[in-house]
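Colleague: Quick one, what's the 3D model for this:
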Amino acid sequence: MEKGRRIITDGENGREFKISAGETFQISLPENPTTGYRWEINGSGAPFVGLEKEEYAAPEDGPAGPVLGRGGTRSFIFKAVEPGRTELILRLRRSWEAESESAGSFSVKLEITGLQKQP
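Modeller: Got it, this is the predicted structure:
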């Protein structure tokens with residue numbers, strides 16, 4: 001994780017954030033891909049934000065070794081590109097099922113302000 005990067009978690013679903021253009025931020029949500037469910041971006045926030053990277057972190061091994069079937073964390077790293085207001089929407093769903101059959105959703109509203117001050 002980049003030092004000082006804002007991390008938005010599942011407990012902040014529905015909230016609004018102010019972010020400076022040029023700043024990167026991360027959305028991290030619990031996921032258990034062994035069930036077939038994965039977080040997908042449904043509303044990208046373009047052109048105000050762009051996806052930089054997506055990654056999955058498996059859980060730490062237990063005292064007896066890997067814990068099969070245990071969920072980890074899916075993280076999406078975004079960069080605020082230009083000033084404006086937008087909403088990011090993510091859905092927890094199985095890729096082979098209809099979009100209307102999502103198991104959950106997550107959204108944040110963003111206000112992208114002027115350029116980030118350089119140190």
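Colleague: Regarding stretch 92-103, how distant is the last residue from the first?
Modeller: With C-alpha to C-alpha, to the nearest Å as the measure, the ends of stretch 92-103 fall 5 Å from one another.
Colleague: Same question for stretch 79-99.
Modeller: 26 Å.
Colleague: Distance from that stretch to the middle of the chain?
Modeller: Distance of stretch 79-99 from the chain centroid (C-alpha atoms, centre = their mean, to the nearest Å) equals 8 Å.
Colleague: what does stretch 104-118 give?
Modeller: Worked out by C-alpha atoms, centre = their mean, stretch 104-118 lies 12 Å from the chain centre.
Colleague: Quick check: neighbours of the host helix or strand of S105 in the sheet, parallel or antiparallel?
Modeller: Here S105, judged by DSSP states H and E, is contained in strand 104-115. Looking at strand 104-115 with DSSP bridges, its partner strands are strand 16-21 (parallel), strand 84-93 (antiparallel).
Colleague: out of those strands, deepest packed?
Modeller: Of all those, strand 84-93 carries the top mean neighbour count, a mean of 18, counting by mean count of other C-beta atoms under 10 Å. C-betas here are computed from N, CA, C, even on glycine.
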